[in-house]
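Chemist: here is a sequence with its predicted model. Questions after.
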Amino acid sequence: MKKRVVKSLSFLKVDGKELENLIETPKDQSFGDYAFPTFVLAKRLKKNPNEIAKDIAGKIKLDKNFEKVEAVGPYVNFFVNKIKLTSEVINRVSKEGNKYGSGKHGKDKVMIEFSQANTHKAFHVGHIRGTSLGESLSRIFEFCGNKVIRANYQGDTGMHVAKWIWCYNKYHKKEKLRKDEAWIAKIYVEAIKKLIKNSEFQEEVDEINRKLESKKDKSLNYLWKETRKLSLDSLERIYHELNTGFDVHLFESEVEERGKEIMAGLVKKKIAEISDNATIVNLEKYGLGILVFLRKDGTVLYAGKDIALAEKKFNKFKIDKSIYVVGDDQKLYFNQIFKTLELMKFKHSGKNIYVPFNLVRLPTGKMSSRTGENILYSDFKKEVVDYAVKEIEKRYKLESIELYDRSLAIAIASIKYSMLKQDPDKVIIFDKKKALRFEGNTGPYLLYSYARALSILGKASYKKQKKFKIKEVNEYEKRLVSLLAQFPEVVRHSYINLTPSLVANYAYQLAQRFSEFYHNCPVIGSEQEQFRLKLVDSFSQVIKNALWLLGIPVIPEM
RNA sequence: GCUCCCGUAGCUCAGUCUGGAUAGAGCAACAGACUUCUAAUAUUGUGCUUUGUAAAGGGAGAAAUCUGUGGGUCGCAGGUUCAAAUCCUGUCGGGGGCACCA
């Protein structure tokens, strides 16, 4: 339809592409479906924009595609033929189905690294944000034509592991290893606390770290392997629950050696230097400070491993683009890493993209697995599920398995949506009471609107193949249709700007419009039943697609 | 100290990239919402255990919803522009980062 508007303005002697960009969708429907602002022309022609608008409106030839074209102030507003627009949109949605909204905006092989949950530490509510964001971005990238490799880079080695093993050996040796995240998290927190109190213990930890890195102590190796597995298994369960999964698991332990090699090479090339016995790269010239790669005892730090990892990603997986979804507290760090890659003339140094997201904080402060100041994912999930169970029981009687499945779906939708709807740059202050709300702009509201649409279709024994005729399109129907039409554009924006929040907010708006529609327009038994059913069907398809992009599966009944 | 991010209704946020029509949602507050079933009770007519109407309360339908009202110096001060929540500069407030954590 937009193209028809462009065509009707072709007499203006403005480039087609430019014209297309200038045409906008008015905020308010009373201004029509498309609007052409005349400010640009006004500047070019040095004429009053209001007069230009009037002039243009008078010159446009009306055909059956438009109901009317009028000048309002400096705008030329186009009102398209509602019936034509509506049948176009409905037919397109029904033809493209699950693919509606997708596009060929890219064709790269992209590795998206996200979640990065470490072993031997708590998986807390804060981790959900990055995990949900990464999964959603992966889906958006795929939807837009790319091939995506989901990668999880997990810290299964390093100082935090040494601390955990130290604490276990020193204070908990008699306890059996438990497949229990809370227990694992607790020992880590205890280690941190003990080390803060007695700094002389750090030497013992350092020794364990060296031994782990050299892999020479058999009992330590064994303990590391076992506890690592416990952690990974419990993480796997969580990922499954959160509707995500990884094609590739990268581990810090796999890139340690290569990291040291690279650093040795960089010292020879004088890109890196030894300072105070540690291996560093000085980036002060670029306003990026100094980055330490190897400790003075020669063990490798995160930075050293990350350089090796970047190399591995491109060389082993032959990717075109590498995306890092990591908390924004590491912004400086990633700029340092990317700069170092550039200095060492790494072939693919320009193809790394950092997608930062802000923290999830508690009202009392930062959420941290180090201090234990956090809410464990598993605890929180249980609370939301319990709450969902109560809400369902208020309404229906269900078998207990069905009840739990639905409650879990609702809980996950609630949790993930609350993380995704917000701009990644903004801090989320986690308020449990608010997180337990299922009304308004929440995941359950979206699930509900989908379920309601299905229930209408079910009640009418709706069949997709049935033909429909549109006699007229009222205001509510049109508002819904024009929003349905915008979905592909929303997806494209979301893809370009790397923000699922656009899709999330669109989904909410769409659900609102749908509620508005069915409240005012009875579907079953109405004169235009076939058409309205078709519209309900289109809605259910589009909201399903939108929720899919967010990594939230729909359920047929609430 | 240097640097990055955030500041929009009482609270939580969208809109800022790409400047345009009266700055939008949700929550909280207040007021309200269709159809149908049941029906304490009231009432109309008949004239004696029955009819019509209205109706507190309860249930069901597509209500985890919808409608309305109130609520704004877009942190503040300058600047650019025909036009600024949006761009620039400064400033205040909050958060993050800045050498051996990840």
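Modeler: Received the coordinates, thanks.

Chemist: you'd agree A:Glu67 is in a helix?
Modeler: No. Using DSSP: H, G, I helix; E, B strand; the rest coil, the secondary structure at A:Glu67 is strand, not a helix.

Chemist: excluding chain neighbours, what is closest to it?
Modeler: A:Phe79 (4.4 Å; Cβ to Cβ, 6 or more residues apart in numbering). Every residue, glycine included, has its C-beta placed from N, CA and C.

Chemist: bridged to that neighbour, which residues?
Modeler: The partner list for A:Phe79 in beta bridges (DSSP bridges) reads A:Lys68.

Chemist: for A:Gly287, give its distance to A:Leu266.
Modeler: With distances taken as Cβ to Cβ, to the nearest Å, A:Gly287 is found 20 Å from A:Leu266.

Chemist: next SSE after the helix or strand containing A:His240?
Modeler: Secondary structure from DSSP states H and E places A:His240 in helix A:218-241. Note on helix A:218-241: by DSSP H and E, the next helix or strand toward the C-terminus is strand A:248-251.

Chemist: sheet partners, orientation included, of that following strand?
Modeler: Using DSSP bridges, the strands paired with strand A:248-251 are strand A:147-154 (parallel).

Chemist: does the following helix or strand past the partner strand come close to RNA strand B?
Modeler: Using DSSP H and E, the next helix or strand after strand A:147-154 towards the C-terminus is helix A:159-171. Yes. Helix A:159-171 reaches RNA strand B (Cβ under 7 Å from any atom of the strand) through A:Met159, A:His160.

Chemist: same check on stretch A:347-366?
Modeler: Yes. Stretch A:347-366 comes into contact with RNA strand B (Cβ under 7 Å from any atom of the strand), by way of A:Asn358, A:Leu359, A:Arg361, A:Gly365, A:Lys366.

Chemist: picking that back up, and the helix holding A:His240, what does it pack against?
Modeler: helix A:159-171, helix A:181-197, helix A:202-214, helix A:377-395 (3 or more Cβ pairs under 8 Å, 6 or more residues apart in numbering; DSSP states H and E).

Chemist: mind putting these in CSV, mean neighbour count, distance to A:Lys544 and mean pLDDT included?
Modeler: Below are those laid out as CSV (neighbours: other Cβ atoms under 10 Å; distance: least, Cβ to Cβ, whole Å; pLDDT from 0 to 100):
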stretch, mean neighbour count, distance to A:Lys544, mean pLDDT
helix A:159-171, 21, 41, 93
helix A:181-197, 17, 32, 88
helix A:202-214, 16, 48, 90
helix A:377-395, 16, 20, 88
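
Chemist: ok, now which ones touch the nearest residue to A:Asn358 once chain neighbours are set aside?
Modeler: Closest residue to A:Asn358 apart from its sequence neighbours, by Cβ to Cβ, 6+ apart: A:Val427 at 4.9 Å. Taking Cβ atoms under 8 Å, 6 or more residues apart in numbering as the criterion, A:Val427 is in contact with A:Asn358, A:Leu359, A:Val360, A:Arg361.

Chemist: ok, how many other residues are close to the residue in chain A that RNA strand B sits nearest to?
Modeler: Among all residues of chain A, A:Gly440 sits closest to RNA strand B, at 2.1 Å; criterion: Cβ to the nearest atom of the strand. A:Gly440 has 9 neighbours, counted by other Cβ atoms under 10 Å.

Chemist: for the stretch 251-400 of chain A, what lies in contact range of RNA strand B?
Modeler: Near RNA strand B, when you scan the stretch 251-400 of chain A using Cβ under 7 Å from any atom of the strand, you find A:252, A:275-278, A:280, A:287, A:289-290, A:292, A:294-296, A:301-303, A:328-333, A:358-359, A:361, A:365-366, A:388, A:391-392, A:395.

Chemist: buried subset of those, written for ChimeraX?
Modeler: With 16 or more other Cβ atoms under 10 Å as the criterion, this ChimeraX line picks the buried residues out of those:
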select /A:252,278,280,292,294,295,301,302,303,328,333,358,359,388,392
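
Chemist: which of the residues of the stretch 251-400 of chain A next to RNA strand B fall within helices?
Modeler: A:Glu252, A:Tyr302, A:Ala303, A:Lys331, A:Leu332, A:Tyr333, A:Ala388, A:Glu391, A:Ile392, A:Arg395 (DSSP state H).

Chemist: what is the most widely separated pair among the residues you listed?
Modeler: The widest separation within those, taken as Cβ to Cβ, falls between A:Ala303 and A:Arg395 and amounts to 53.7 Å.

Chemist: near RNA strand B, anything from stretch A:129-140?
Modeler: No. Against RNA strand B, stretch A:129-140 shows no contacts by Cβ under 7 Å from any atom of the strand, the least distance being 11.9 Å.

Chemist: only the buried residues of that stretch, if you could.
Modeler: A:Arg129, A:Gly130, A:Thr131, A:Ser132, A:Leu133, A:Gly134, A:Glu135, A:Ser136, A:Leu137, A:Ser138, A:Arg139, A:Ile140.

Chemist: buried set for stretch A:498-514?
Modeler: Quick answer for stretch A:498-514 (16+ other Cβ under 10 Å): A:498-508, A:510-514.

Chemist: got the residues of the stretch 451-558 of chain A near RNA strand B?
Modeler: Counting by Cβ under 7 Å from any atom of the strand, the residues of the stretch 451-558 of chain A near RNA strand B are A:452, A:455-456, A:459, A:493, A:496-497, A:501-502, A:505, A:508, A:512, A:515-516, A:518-520, A:522-525, A:558.
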